[in-house]
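K.L.:
Sequence first, then the predicted structure, then my questions.
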Amino acid sequence: MNARNPRREFLAGMGALAGAAALPGGWLAARENLYGRADLSYFDTPIPPGPFELHIGYAAITWGGNDRQAIEDIAAVGFPGIQIRSNSVQEFGSGAALREVLEKHHLKMVALSSGNLSIDPAIESSEIDKHVANAKFLRDAGGLYLQVIDERPKDRAIVPADCKRLGVLLTELGKRIVDLGVQLGYHNHMGAMGETPEAVDQIMEAVDPRYAKLELDVAHYFQGGGDPAKAVEKYSDRLLFLHLKDVERLPGGPDRKQSYRFVELGRGSVNLPAVLDALRKINFRGWGILELDAVPDKARAPKESAIISKKYVEEKLGLTV
């Protein structure tokens, strides 16, 4: 093997340069333009987002904790995805065990309802640890999103500092679970700090969008005084997934909770076609979970309500489940 001779290589290189300098200038120009100039104008136009694509799943909450029956019924109705509550952690014992059941029923674990996130500093550590443990369960079940709802402070009014602190906690929780491959979604909710559109704004302003996003519940947002279609556009770059849900307002009851109830899709006051139009406008790609807290007509079973909402989605919204 020949050893390299740096001096010899240097002298050869200098000789080549000298020879090139002696050639006519046109020859060098021709060599430089051998392949022509590259047209880079193509890269001036931003790459457009992918086309609209909404996957439809169903939430197990309607079955009141009987998740095995929920899984069986939701799969039988024909939904490809499911959202399950945190009681499944105890029921199944491990995310792997839940995943095995879901795979037998050809269901995708979309999200886990992880419960409330309190802003009480005294329990901050245990709160974060609880949701991180749930995120690990979700990961092992093959899930995508961890849902949290805030917990309204007791016996006092909400102040702007509360929303800011919640944003900080959501960011911290999101940082703790990002390495698990799980994304954090904040669920706006009646009776919580994030009840009104204004409160949702304050909370989301305090959240680092890299670590936590909005899981928009269109019925809760509507009942809280907002326009969910406008919210879709407003939070287009921070929208993780949605609860597609409907609500009807009832004649004045003795308290606020009895002034409305959630109903099957198409039987309430939420303008769901407008929500869908907004999702199309922003080219949303992701999951919409149909949710019904409890069957409004006690003569019906949860599975029947799921069929009603699926029919509305397919016949009125023109989507394929």
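P.N.:
Now that the structure is in, tell me what you want to look at. Numbering: from 1, shown residues only.
K.L.:
How is the protein divided into domains?
P.N.:
The chain resolves into domains spanning 6-44, 53-315 when parsed by automatic domain parsing.
K.L.:
ends of the last one, how far apart?
P.N.:
Looking back up the chat, that one is domain 53-315. One end of domain 53-315 to the other measures 17 Å (C-alpha to C-alpha, to the nearest Å).
K.L.:
what ranges of this structure fall below the confidence cut-off?
P.N.:
Residues of the chain that meet the criterion pLDDT under 70 lie in 1-49, 253-257.
K.L.:
Apply 80 and report the result again.
P.N.:
Per-residue confidence of the chain (counting by pLDDT under 80) places the weak regions at 1-50, 252-258.
K.L.:
Report the central residue of it.
P.N.:
Using C-alpha atoms, centre = their mean, the residue of the chain that lies closest to the mean C-alpha position is L240, 2.1 Å off.
K.L.:
OK, contacts around that one?
P.N.:
By C-beta atoms under 8 Å, 6 or more residues apart in numbering, L240 lies in contact with Y145, Q183, L184, G185, K213, L214, E215, G286. Placement of C-beta: from N, CA and C, glycine included.
K.L.:
One more: R280?
P.N.:
When the contact criterion is C-beta under 8 Å, 6+ apart, the partners of R280 are F52.
K.L.:
can you check P197 too?
P.N.:
The contact partners of P197, by C-beta under 8 Å, 6+ apart, come to Y221, G224, G225, G226, A231.
K.L.:
From A306, how far out is the first one?
P.N.:
Counting by C-beta to C-beta, to the nearest Å, the separation of Y221 from A306 is 22 Å.
K.L.:
And the third one, by the same measure?
P.N.:
G225 sits 29 Å away from A306, taking C-beta to C-beta as the criterion.
K.L.:
for the protein, longest strand please?
P.N.:
Secondary structure of the chain read by DSSP state E shows that its longest strand is strand 108-117.
K.L.:
Tell me the strands beside it, with direction?
P.N.:
Paired strands of strand 108-117, with direction, are strand 81-85 (parallel), strand 145-150 (parallel) (DSSP bridges).
K.L.:
can you pull the alpha-carbon coordinates of that strand into PDB?
P.N.:
Output for strand 108-117, consisting of C-alpha atoms alone and laid out as PDB, is shown next (Å, rounded to 0.1, in the frame of the first residue of the first chain):
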ATOM      1  CA  LYS A 108     -57.600   1.400  18.100                       C
ATOM      2  CA  MET A 109     -56.900   2.900  21.500                       C
ATOM      3  CA  VAL A 110     -57.200   6.600  20.600                       C
ATOM      4  CA  ALA A 111     -57.200   8.300  24.100                       C
ATOM      5  CA  LEU A 112     -57.400   7.700  27.800                       C
ATOM      6  CA  SER A 113     -59.400  10.000  30.000                       C
ATOM      7  CA  SER A 114     -56.900  10.500  32.800                       C
ATOM      8  CA  GLY A 115     -59.100  12.500  35.100                       C
ATOM      9  CA  ASN A 116     -58.600  15.900  36.700                       C
ATOM     10  CA  LEU A 117     -55.400  17.900  37.100                       C
END
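K.L.:
number of nearby residues for E315?
P.N.:
Here the neighbour count serves as a burial measure; for E315 (other C-beta atoms under 10 Å) it reads 10.
K.L.:
sorry, back to before: Y221 and A306: which is more packed in?
P.N.:
It is Y221, of Y221 and A306, that has more neighbours when counted by other C-beta under 10 Å, with 31 against 25.
K.L.:
For the residue nearest to the centre of the chain, which three-state class applies?
P.N.:
Three-state secondary structure (criterion: DSSP: H, G, I helix; E, B strand; the rest coil) places L240 in strand.
K.L.:
do E248 as well
P.N.:
Put simply, E248 is strand when judged by three-state DSSP.
K.L.:
Kindly tell me how buried it is, as a neighbour count.
P.N.:
Under the neighbour criterion other C-beta under 10 Å, E248 is assigned a count of 15.
K.L.:
what does D67 give?
P.N.:
The number of residues packed around D67, counting by other C-beta under 10 Å, is 21.
K.L.:
how about it, what does it touch?
P.N.:
With C-beta under 8 Å, 6+ apart, D67 has these contacts: A60, I84, R85, N87, S88, E91, F92.
K.L.:
from the residues you listed, which ones fall inside helices?
P.N.:
The helices in this structure, assigned by DSSP state H, contain N87, S88, E91, F92 from the contacts of D67.
K.L.:
Thanks again, I'm all set now.
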